[in-house]
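1. Got a predicted model here, sequence first, then my questions.
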Amino acid sequence: MKTLMLILIATLALAAESVAGPTSKLPPQTVRGLAHRLDQYPTPALATSTELAAARRLLHVLRTAAQRWRDPASATRAGFNTKRPRRKPGETRVMWFHAEHRRWSHDGRYLDPRRPEVIIYADVPGKPLVLVGVMFSMPRGLRGATPGGPITRWHWHRVCAKGDKRGLTPGPDGKCPPGATMRNGSEMMHVWFTRDLRSGYAIHAPVPDLCAAGLIPRVGCGKSPHHHR
């Protein structure tokens, strides 16, 4: 029985890895990798003085440039798709609404703080959208620049791809629909408008830090937010 149990555990572990990829964490100095293998927060102490300065400069320029898109109406006029997604009945969690700029997503300009591919809003039920960050993305097969070294990290997710179409999240069972295959998605980088450099380059939304910065209404703090486009 013990042997059978060990075989079952090993089989489940291999199945999980085949869907999500390896699960072990990558070293903190890693500048790109699967999202779940990178630490949530970078380690600024590992960056050189030049890299620290570059990461601070990028964050500062982004904060300044993004002010023009705080109002979703202004963002819409600028070309971002700010149509608020529908929620499931009874859904009360905070969502991270990724508003994409289709033209800038294909303009050949990468890591340009004045032309991010996506801006991110905190979507709290019954509250106005609040701009909390941006996302840069790279075309399939291209690697993003890392001016901030281990601070400005790129991550990707496992997606279901069919031909040259955009990859989609695997189904609830972790499998892809017929005709699609599992592969690594394109590289992306999130930058959050928090109060410090470390949380500003977190992989996923740094909820405590966004709450501390007053960017999420109190009703939305302490819950488990998700993202949507």
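-> Alright, I've got the coordinates. Numbering: from 1, shown residues only.
2. ok, then the element right after the longest strand anywhere in the chain?
-> For the chain, the strand with the greatest residue count under DSSP state E is strand 130-137. Proceeding N to C from strand 130-137, the next assigned helix or strand is strand 154-156, under DSSP states H and E.
3. Run through who's touching that following strand.
-> 31-35, 38, 138, 143-144, 146, 184-189, 203 (C-beta atoms under 8 Å, 6 or more residues apart in numbering). Every residue, glycine included, has its C-beta placed from N, CA and C.
4. The residue nearest the centre of the chain: which element?
-> Residue closest to the mean C-alpha point of the chain, counted by C-alpha atoms, centre = their mean, is His190 at 4.9 Å. Counting by DSSP H and E, the element that carries His190 is strand 188-192.
5. residues in contact with that strand?
-> In contact with strand 188-192 (C-beta under 8 Å, 6+ apart) are residues 58-59, 62, 111, 120, 132-138, 144, 152-156, 199-206, 209-210.
6. can you give me the mean pLDDT across the helix or strand following that strand?
-> Following the chain from strand 188-192 toward its C-terminal end, the next helix or strand by DSSP H and E is helix 197-200. The pLDDT scores in helix 197-200 average 97.
7. Please write out the alpha-carbon positions of the helix or strand just after helix 197-200 in CSV.
-> Once the chain leaves helix 197-200, the next helix or strand it forms, by DSSP H and E, is helix 207-212. Listed next in CSV are the C-alpha coordinates belonging to helix 207-212 (Å, rounded to 0.1, in the frame of the first residue of the first chain):
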residue,chain,number,x,y,z
VAL,A,207,-2.0,43.5,-2.6
PRO,A,208,-0.7,44.6,0.9
ASP,A,209,1.6,47.2,-0.8
LEU,A,210,-1.2,48.5,-3.1
CYS,A,211,-3.5,48.8,0.0
ALA,A,212,-0.7,50.6,1.9
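8. by contact count, what packs against helix 207-212?
-> Counting contacts by 3 or more C-beta pairs under 8 Å, 6 or more residues apart in numbering; DSSP states H and E, helix 207-212 packs against no other helix or strand.
9. what comes up buried for that helix?
-> Buried residues in helix 207-212, defined by neighbour count with 16 or more other C-beta atoms under 10 Å: Val207, Asp209, Leu210, Cys211.
10. With stretch 124-132 instead?
-> By 16+ other C-beta under 10 Å, the buried positions in stretch 124-132 come out as Val124, Leu129, Val130, Leu131, Val132.
11. Looking at those residues, which two lie furthest apart in space?
-> Val124 and Leu131 (12.8 Å; C-beta to C-beta).
12. ok, now how distant is the residue nearest to the centre of the chain from Pro42?
-> Separation of His190 from Pro42 (C-beta to C-beta, to the nearest Å): 11 Å.
13. Also Gly90?
-> Per C-beta to C-beta, Gly90 is found 36 Å from Pro42.
14. Neighbour count: these two, which is higher?
-> When Gly90 and Pro42 are compared on other C-beta atoms under 10 Å, the one with more neighbours turns out to be Pro42, at 27 against 6.
15. Understood, closing this out.
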